[in-house]
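# structure of the sequence below:
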Amino acid sequence: MDDGPPTQLIRLADDEGNSVTVDVLGLDPRWRAGLRAEIVVRTPFVSGRIGLALTVSRLTDWGDALDRLDAGTDVAWMEMERGPYLFVQLDGERGCPEAVVEDESGSMVTVRVPVVPPDDWIADHRRRLRRIVDHWVPRLED
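Coordinates of the predicted model:
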């Protein structure tokens, strides 16, 4: 049974209704080397979304970020690039991990979302990344 292409690269969520996801929407029709995606923030207080383009190098960088998270280091993903970026702090201001989404170049908004992901969240994200890469990267190279 085919469930369709993988669409969720990142899912940082908890039982309190807080989540930050990065969802792949498909190939970018304007740019052959990229995927259309969006960062989606959902909390009981605030929700929002912002579009972004994913490239092979950004996917590789996310894999490197997962390695650093696994080693106990906070990460900033896509920070030095144009557009929104994501920080993952393992020990945030509220004593739990936090996902921080910043959009300095566009809306100039920062959203800090505390989340308590399950114990195996890094392994889960490695599986998510592998599924995205295996499915989408060959389509970018056509």
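
# from here on, contacts and neighbour counts on C-alpha atoms
Fine.

# residue 58 looks like it's in a strand, true?
No: read with DSSP: H, G, I helix; E, B strand; the rest coil, residue 58 is helix and lies in no strand.

# just give the number of residues close to the nearest residue to it once chain neighbours are set aside.
Nearest residue to residue 58 in three dimensions, chain neighbours excluded: residue 78, at 7.1 Å (Cα to Cα, 6 or more residues apart in numbering). By other Cα atoms under 10 Å, 17 other residues sit near residue 78.

# same deal with residue 129?
Number of residues near residue 129 (other Cα under 10 Å) recorded here: 21.

# correct me if wrong, but it is in a helix.
Yes: the assignment for residue 129 by three-state DSSP puts it in a helix.

# quick one: contacts for the residue nearest to residue 58?
58, 61, 84-86 (Cα atoms under 8 Å, 6 or more residues apart in numbering).

# tell me where the chain has helices.
With DSSP state H, the ranges of helices along the chain come out as 56-70, 121-140.

# packing partners for the first one?
Using 3 or more Cα pairs under 8 Å, 6 or more residues apart in numbering; DSSP states H and E as the contact criterion, the elements in contact with helix 56-70 are strand 75-77, helix 121-140.

# quick one: strands adjacent to the first one?
This points to strand 75-77. Looking at strand 75-77 with DSSP bridges, its partner strands are strand 85-89 (antiparallel).

# so, low pLDDT: which residues of the chain?
Of all residues in the chain, those with pLDDT under 70 make up the ranges 1-2, 141-142.

# can you pull the contacts of the closest residue to residue 87 other than its chain neighbours?
Excluding the flanking residues, the one nearest residue 87 by Cα to Cα, 6+ apart is residue 76, at 4.3 Å. Contact analysis of residue 76 by Cα under 8 Å, 6+ apart lists 65, 85-88.
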